[in-house]
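Peer 1: coords below, sequence missing:
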């Protein structure tokens, strides 16, 4: 199991394989893929502010059907408790996404430099 950061989900949906490192492509192909529910919210936020043109439900549903993407069902309380300790970022989406991967005890696939430098289980 590997968790996906928001930009990874958007690139997968858009078919932008060239955005991924060779290692990232290998990890995507060899693991079950999951997201934090907060990724769905961030994708919708990006849609609402005009950064992407497709709504979250369409993107997530498509990836669930095409690649078996799972939405992690860990308790919100457990994820928030974990996120409270992540004071290295002020981005609430990043805090929750990293915390979800920590609670799930799995790596997080991300190209985000701040996450890669501060979360030992972040990979690219």
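Peer 2: That came through fine. Only a predicted model underlies this, so the values are computations on that prediction, with no experimental measurement involved. Residues are numbered from 1 along each chain as shown.
Peer 1: which element is the residue of the chain positioned farthest from its centre on?
Peer 2: Most distant residue from the mean C-alpha position of the chain: residue 50, 19.7 Å away (CA atoms, centre = their mean). If you go by DSSP states H and E, residue 50 is not part of any helix or strand.
Peer 1: Tell me if residue 98 really is in a strand.
Peer 2: No - counting by DSSP: H, G, I helix; E, B strand; the rest coil, one finds residue 98 to be helix, located in no strand.
Peer 1: pretty sure it is touching residue 83, no?
Peer 2: Yes - Residue 98 is within contact range of residue 83, at 7.5 Å (criterion: CB atoms under 8 Å). Just so you know, the C-beta spots here come from the backbone N, C-alpha and C atoms, and that holds for glycine as well.
Peer 1: of these two, who's got more company?
Peer 2: Per other CB atoms under 10 Å, whichever of residue 98 and residue 83 has more neighbours is residue 98, with 29 against 21.
Peer 1: Spatially nearest residue to that one (excluding sequence neighbours)?
Peer 2: The shortest distance from residue 98 to any non-neighbouring residue, by CB to CB, 6 or more residues apart in numbering, is to residue 119 (5.2 Å).
Peer 1: repeat for residue 36
Peer 2: Distances taken as CB to CB, 6+ apart place residue 100 nearest to residue 36, at 3.4 Å, with adjacent residues excluded.
Peer 1: Mind pulling the model confidence for the one you found?
Peer 2: Per-residue pLDDT puts residue 100 at 98.
Peer 1: coming back round to it: dihedrals phi and psi, the residue nearest to residue 98?
Peer 2: Main-chain dihedrals, residue 119, degrees, to the nearest 10: phi -120, psi 110.
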